[in-house]
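1. fold the stuff below for me.
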Amino acid sequence: MKGPKVTIDLDTRRFNKMLDAYLKYSGRSFTNEVNKRGFNICLKAAGKTPKVSKELIKNEMEAPARIQPPRVRKGKPVPLAAILTNYHRGKKGKKGMWGEPMKKAVKTAIAHRQKGRGFMAAGWLGTAADIGLYVRPPREVRGRTTHLQIGKAKGEGKPERRIGALQPKASGRHGSKASGNIKGARSALRYAINAETRDMIKYLRRKIPKDWAVMDRKNAAAALVSRKL
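-> Presented below is the predicted three-dimensional model:
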């Protein structure tokens, strides 16, 4: 008898097949386990997504901007932080700054940018928070992870809300549209999915040690799902 199909959008086919087998032998709630694995994946990905160093941010903000104002004195290029400061002031209808006020504003701008150095990692937190509400018992995003975000948590999670669903599905969207093009974010997600897959394999090796020992590892998940209990 073939087991029920279980999927999570933040996944690979190997992960989904192993999740099918895990649910079959563990007797856990399909809905709760899918939401729990989705929550875990988001937190693990957040922890593994690289953060930009404070020094790198400082150097980039203090470096001369590629596009300089038309009235810049020769040999006195304007740093990027100053350009951005006056740009944002102009959008609010405010006059530009210079001299000592600008120096203070540049320091403030750099400090603010450094505070958000974990933006790409924090893009997983909103997704985790949305899904965590539907895990039993509910799980929250807290501790060391929350310092990565500025303001409201980024990302969006769509947990499985149906009780007793035979084909539960949890999905998530990273808080940055550019995350798919960022190598560090992709690698972090791959790590998180593999970590959850290894956790399920560890359980199955304890649950059915004799059967696991003689299985073809490449097709183990598929074989376990189709195997009669």
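2. name the helix or strand of the protein that has the lowest mean pLDDT.
-> The helix or strand of the chain with the poorest confidence is strand 7-8; it has a mean of 46 (mean pLDDT, DSSP states H and E).
3. contacts only, for the residue nearest the centre of the chain.
-> In the chain, the centroid-proximal residue (CA atoms, centre = their mean) is Trp124; its distance is 2.9 Å. Trp124 makes contacts with 42-43, 45-46, 49, 155, 172, 174-175, as judged by CB atoms under 8 Å, 6 or more residues apart in numbering. Yep, even glycine has a C-beta here, placed from its N, CA and C like the rest.
4. elements contacting the top helix by length along the chain?
-> Looking across the chain with DSSP state H, the single longest helix is helix 183-207. Counting contacts by 3 or more CB pairs under 8 Å, 6 or more residues apart in numbering; DSSP states H and E, helix 183-207 packs against helix 13-26, helix 30-48, helix 119-122.
5. any weak-confidence spans in the protein?
-> Within the chain, the segments meeting pLDDT under 70 span 1-12, 73-75, 143-151, 213-229.
6. how does it divide up, domain by domain?
-> If you go by automatic domain parsing, the domain ranges for the chain are 7-51+119-226, 54-115.
7. looking at these, which one is packed in the most?
-> domain 7-51+119-226 (a mean of 18; mean count of other CB atoms under 10 Å).
8. follow-up on the earlier one: now the residue nearest to the centre of the chain: phi and psi?
-> phi -90, psi -20 (degrees, to the nearest 10).
9. quick check: the gap between it and Ala153.
-> Counting by CB to CB, to the nearest Å, the gap from Trp124 to Ala153 is 9 Å.
10. what about the longest strand in this protein?
-> The longest strand of the chain (DSSP state E) is strand 169-173.
11. in its sheet, what does that strand sit against?
-> Here strand 169-173 has these sheet partners by DSSP bridges: strand 7-8 (parallel), strand 156-158 (antiparallel).
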